[in-house]
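Engineer: Sequence below, structure please.
(3 chains)
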Amino acid sequence: MGNGVKKFMYVNRRAPYGTIYALEGLEVVLIGAAFDQEVCMVFVDDGVFQLKKGQDTAESNMKNFSPTYRALGDYDVNKLYVEKESLEQRGMSEDDLLELTYEDEDDDYKEKPSIRIVNREELADLMEQQDVILNY
Amino acid sequence: MAFEIGGKSYETDEEGYLANLADWNPEVADYMAKEDDCDLGDNHWEVINFLREYYEEYQIAPAVRVLTKAIGKRLGKEKGNSKYLYELFPYGPAKQACKYAGLPKPTGCV
Amino acid sequence: MLHTVNKSPFEKNSLDTCLRLAKSGSEILLLEDGVYAAVKGTAVEQKMRQALSDYTVYALGPDLKARGIEEDRLIDGIEVVGYDGFVDLAANSDRIQSWL
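Structural biologist: Purely as a prediction, here's the structure:
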């Protein structure tokens, strides 16, 4: 890592449509991606609902922004940590989540999964390693 | 704000971006380009169509860095660079091309 | 009386308070983030199953769809209604209490 590169963690704890936090948080990540920092996202508590697949807002007249998570790979945001305990508490598993991938430039542009399921201890350790943590 | 083509009125925001994505048609792009003294050729349309497809798939207008990389992948290295894209769209490839494509201003553009 | 709950049961205690204070025989409509309470296999499933013996529970279909929740994931006994059903429920109730 070069000089001035910091580790940024965006922590998402809210469900996608009931409040504006999820969408605002996602936009900040996309904007922040222009600054070439080391970025990861965390989905914990109701934040795991943001990644639920099969979202369809046609009848409720809201913008469905779940396809935008699939663009994160283009923005070099490749590490999306999802807390296992939050999924379990909500009757969900990895199979319920969007299939998000990125192309690994250091490995012949192979498509790799962006979502990593981590447990509480692993997540706590990751948080300790960050320079900046932003909550939404 | 609004402009008119052939008797139909199109609403825009204060920077000239189309207010309703669904209002767009190729005439809108041509009209907006003429206003900027820009004549749209095949090379412009390649980028405009690409942006519309990108928006359809991801629901965002890509940042210029992302656009450049993606264009390179889709249309070849000779087109996937800022020099080429800025020659086509001197006001900034993401901003200007998104406007002609009827998309909102790219997220993160100032 | 019709009670509506629009908050996630994992984040706010709106559902708990509603279940504590709603009289047996009432109707409860889950909407917006409240619909997350209608899903099987969650930490609040037991609570909801118990509620179903005292109340008629509905969940708003368009809000389920927006959140990617398929109907086969819902706790048995919870009824899905559309906006028209919501209107009927409201019109047929003498009073409505919205737990925000």
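Engineer: Now do stretch A:31-41: distance to the chain's middle.
Structural biologist: 12 Å (CA atoms, centre = their mean, to the nearest Å).
Engineer: Then stretch A:71-81?
Structural biologist: With CA atoms, centre = their mean as the basis, stretch A:71-81 stands 7 Å off its chain's centre.
Engineer: Same question for stretch B:56-65.
Structural biologist: 11 Å.
Engineer: what residues are up against A:Q50?
Structural biologist: Contacts for A:Q50 were tallied using CB atoms under 8 Å, 6 or more residues apart in numbering or on different chains; they are A:N12, A:R14, A:A15, A:P16, A:A22, A:L26, A:F43, A:S66, A:Y69. The way it works is simple: take the backbone N, C-alpha and C, and place the C-beta from them, glycine included.
Engineer: One more pass at 7 Å, please.
Structural biologist: Going by CB atoms under 7 Å, 6 or more residues apart in numbering or on different chains, A:Q50 touches A:N12, A:P16, A:A22, A:F43.
Engineer: Likewise for A:D131?
Structural biologist: A:D131 sits next to A:K6, A:K7 when contact means CB under 7 Å, 6+ apart.
Engineer: now it: how far from A:V29?
Structural biologist: Distance, A:D131 to A:V29, using CB to CB, to the nearest Å: 16 Å.
Engineer: A:P67 touches B:Q59, doesn't it?
Structural biologist: Yes: under the criterion of CB atoms under 7 Å, A:P67 makes contact with B:Q59 at 4.8 Å.
Engineer: Nearest to chain C, out of the contacts of A:Q50: which one, please.
Structural biologist: Set against chain C, the nearest of the contacts of A:Q50 by CB to the nearest CB is A:P16 (7.0 Å).
Engineer: Which residue is it, in chain A, that comes closest to chain C?
Structural biologist: Closest approach between chain A and chain C, counting by CB to the nearest CB: A:G91, at 3.0 Å.
Engineer: thought that residue was touching C:A37?
Structural biologist: No: A:G91 lies out of contact with C:A37 (CB under 7 Å); the separation is 11.0 Å.
Engineer: Looking at the two, which is more packed in?
Structural biologist: Between A:G91 and C:A37, C:A37 has the larger neighbour count (other CB atoms under 10 Å in any protein chain shown), namely 27 against 17.
Engineer: The more buried one should be in a helix, yeah?
Structural biologist: Yes: the assignment for C:A37 by DSSP: H, G, I helix; E, B strand; the rest coil puts it in a helix.
Engineer: now it: how far from C:A91?
Structural biologist: 24 Å.
Engineer: how about the residues of chain A near chain B?
Structural biologist: Contacts of chain A with chain B, taken as CB under 7 Å from any CB of the partner chain, map to A:E27, A:L30, A:I31, A:A34, A:F65, A:P67, A:T68, A:R70, A:A71, A:D74, A:Y75.
Engineer: if I read this right, the third one contacts B:V66, doesn't it?
Structural biologist: No: under the contact definition of CB under 7 Å, A:I31 does not touch B:V66, with a separation of 12.0 Å.
Engineer: Neighbour count for these two, which is higher?
Structural biologist: Of the pair A:I31 and B:V66, B:V66 is the one with more neighbours under other CB under 10 Å, namely 24 against 16.
Engineer: And the contacts of stretch A:80-93?
Structural biologist: Residues contacting stretch A:80-93 (CB under 7 Å, 6+ apart): A:40-45, A:48, A:51, A:97, A:100, A:114-120, A:123, A:126, C:10, C:39-43.
Engineer: near chain C, which residues of chain A?
Structural biologist: When proximity is defined as CB under 7 Å from any CB, chain A approaches chain C at A:15-18, A:45-46, A:49, A:52-57, A:59-60, A:62, A:89-91.
Engineer: cutoff 8 Å now
Structural biologist: Within reach of chain C by CB under 8 Å from any CB of the partner chain, chain A has these residues: A:14-18, A:45-46, A:49, A:52-60, A:62, A:64, A:66, A:89-91, A:96.
Engineer: Of those residues, which count as buried by neighbour count?
Structural biologist: Among the residues of chain A next to chain C, the ones that count as buried by 16 or more other CB atoms under 10 Å in any protein chain shown are A:14-18, A:45-46, A:49, A:52, A:55, A:57, A:60, A:64, A:66, A:89-91, A:96.
Engineer: Wait, a helix at C:T4?
Structural biologist: No: assigned with three-state DSSP, C:T4 falls outside any helix and is strand.
Engineer: Roughly how far does it sit from C:S98?
Structural biologist: Separation of C:T4 from C:S98 (CB to CB) stands at 5 Å.
Engineer: of those two, who's got more company?
Structural biologist: C:T4 (23 against 13).
Engineer: Which residues does that one form beta bridges with?
Structural biologist: Residues in a beta bridge with C:T4, per DSSP bridges, are C:L29, C:S98.
Engineer: Surely it and C:V81 touch.
Structural biologist: No: with contact defined as CB atoms under 8 Å, C:T4 does not reach C:V81; the gap is 11.6 Å.
Engineer: give me the residue from chain B nearest chain C.
Structural biologist: Residue of chain B nearest chain C, by CB to the nearest CB: B:Q59 (14.1 Å).
Engineer: measure that residue to chain A for me?
Structural biologist: For B:Q59, the distance to chain A (CB to the nearest CB, to the nearest Å) stands at 5 Å.
Engineer: again, but for B:P26
Structural biologist: Taking CB to the nearest CB, one finds B:P26 at 24 Å from chain A.
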